[in-house]
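Starting from these lines, generate the structure:
(one chain, ligands or ions: 1)
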Amino acid sequence: MSDSSINLDELRQRIDQLDGDILRLISERADCAQKVAHVKLAHDKDAVFYRPEREAQVLRRIMSLNQGPLDSEEMARLFREIMSACLALEQPIKVAYLGPEGTFTQQAALKHFGESAISLPMAAIDEVFREVEAGAVNYGVVPVENSTEGVVNHTLDTFMDSSIHICGEVVLRIHHHLLISDTTRRDKISRIYSHPQSFGQCRKWLDAHYPHAERVPVSSNAEAAKLVKTEWHSAAIAGDMAAKLYGLERIADKIEDRPDNSTRFLIIGNQQVPMAGEDKTSIVVAMRNQPGALHDLLEPFHRHKIDLTRIETRPSRTGVWNYVFFIDFKGHVDEPRVAAVLEEVKLRASELRVLGSYPQGVL
Ligand SMILES: C=C(O[C@@H]1C=C(C(=O)O)C=C[C@H]1O)C(=O)O
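Below is the predicted model of the structure:
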């Protein structure tokens, strides 16, 4: 036997031993999570099992303890799945997302809740809101902004008519691929299907590589992938999940114009989330239509040194809500300086609603 094969055997024995240890420790952890469930139920028969603030703390702690060789994000992803499986023992969590199956929103849902969550596709953003409001699912996931194409207006508008809370956020790096089926003639592609947002994100690449192909907008990338299955002269722009779901081949990878192309999704629910340590708050404010309104609104944030991360304006749909601003900032409503700012804003605004305080996206 050569030296290298002795080493290999020893190393494999060591790996078997470690796997046994990891198995025992994960089972012990799952046991603890089940006990947590019993404690929660003993205090409150309608207890909420999923705790976004605690999960964010667990993941952040793992990332800060990690010393390699795996990188911290990779390690956090593994723990994300362990937590997801532990939570499923307490209560399998149901999540509605903007479908159909294979969309980036489903990918975001699974990234946030882990693969043990039950994810249910909905046909439209307002349907996701309705399912959550009706209590048919525990949470919902909807896209809210893309780094290249900007805000998803429909999501913001739906918040105006809803009493739902934001419980979390998740940012997903969006990679688009050009996909074909096994019957597609790759030299004869004359039509490309995709969602309008994705066409926007791949505009330059398409102009350079397929200037003459017809661009046909459809309701989702997954729908685009599905259509390609039946047409020999068509291709689709979609992501990995849709490619796998419909068994398509990637003929060009990562064709988005900007390498940092990413989309932010919101987790919506009926729950108010306690402080996690690194939190964000989203509010919607209506101001009267008068000179200096925006300045009056932002001045208290500046004075209390609160870091704004986003501000969007939407046209008001009622007489009262003249200007409607969606504002995100760092901090939690339970922090005194945030409470102080909101008190001041309330005096200056015709309407103020806190959509939610939630942990900043960890993964
Ligand atoms: C175990 C708990 O319940 C759930 C599972 C968690 C975990 O596995 O670490 C963390 C938060 C909750 O979503 C808890 O609240 O601590």
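
Note down every partner strand of the lowest-mean-pLDDT helix or strand in the chain and its orientation.
When the helices and strands of the chain are scored by mean pLDDT, DSSP states H and E, strand 150-151 comes last with a mean of 84. Looking at strand 150-151 with DSSP bridges, its partner strands are strand 139-146 (antiparallel).

Kindly format the C-alpha coordinates of the partner strand as CSV.
The C-alpha coordinates for strand 139-146 follow below in CSV (Å, rounded to 0.1, in the frame of the first residue of the first chain):
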residue,chain,number,x,y,z
TYR,A,139,-45.6,34.3,5.5
GLY,A,140,-45.4,35.7,2.0
VAL,A,141,-42.4,36.7,-0.2
VAL,A,142,-42.7,39.5,-2.8
PRO,A,143,-40.0,41.4,-4.9
VAL,A,144,-39.7,45.1,-4.0
GLU,A,145,-36.7,46.5,-5.9
ASN,A,146,-34.0,45.6,-8.4
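
Quick one: mean pLDDT for that strand?
Averaged across strand 139-146, pLDDT comes to 95.

right, is that strand up against the ligand?
No - Strand 139-146 does not reach the ligand (CB under 6 Å from any ligand atom); its nearest approach is 11.4 Å. All C-beta spots, glycine's among them, are computed from the backbone N, C-alpha and C.

Would you pull up how far that strand lies from the middle of the chain?
Distance of strand 139-146 from its chain centroid, counting by CA atoms, centre = their mean, to the nearest Å, is 6 Å.

who touches that strand?
Strand 139-146 is contacted from outside by 50, 93-98, 104-105, 108-109, 112-113, 122, 125, 128-129, 131-132, 151-152, 155-156, 158, 164, 167, 170, 174, 197, 201, 261-269, 310, using CB atoms under 8 Å, 6 or more residues apart in numbering.

run the last query once more with 7 Å
Applying CB atoms under 7 Å, 6 or more residues apart in numbering, the set of residues contacting strand 139-146 from outside is 95-98, 105, 108-109, 112, 125, 128-129, 131-132, 151-152, 155, 167, 197, 263-269.

Stretch 273-281 now?
Applying CB under 7 Å, 6+ apart, the set of residues contacting stretch 273-281 from outside is 52-53, 56-57, 167, 169, 309, 328-334, 338, 354, 356-360.

gap between the two ends of that stretch?
Using CA to CA, to the nearest Å, the gap from the first to the last residue of stretch 273-281 comes to 11 Å.

what's the model's confidence in it, averaged?
Computed over stretch 273-281, the mean pLDDT rounds to 97.

Tell me which helix or strand comes right after the host helix or strand of L87.
Taking DSSP states H and E as the definition, L87 sits inside helix 72-90. For helix 72-90, the following helix or strand on the C-terminal side (DSSP H and E) is strand 94-98.

strand partners of that following strand, parallel vs antiparallel please.
When pairing is defined by DSSP bridges, strand 94-98 lines up against strand 118-122 (parallel), strand 139-146 (parallel).

sorry, back to before: how far does the helix holding L87 sit from the chain's center?
How far helix 72-90 lies from its chain's middle: 16 Å, per CA atoms, centre = their mean.

buried residues in that helix?
Neighbour counts using 16 or more other CB atoms under 10 Å place 72, 75-76, 79-80, 82-88, 90 of helix 72-90 among the buried residues.

Number of residues surrounding M160?
M160 has 16 neighbours, counted by other CB atoms under 10 Å.

What pLDDT does the model give it?
Note for M160: predicted pLDDT of 86.

next one: T318
In this model, T318 is scored at 68, pLDDT.

repeat for Q91
Looking at Q91, its pLDDT stands at 82.

Can you tell me the closest non-neighbouring residue to it?
F49 (4.3 Å; CB to CB, 6 or more residues apart in numbering).

isn't that neighbour right up against A88?
No - contact criterion CB atoms under 7 Å: F49 and A88 do not qualify, at 9.8 Å.

Point out where this protein drops to low pLDDT.
Applying pLDDT under 70 to the chain flags residues 1-5, 318-321.
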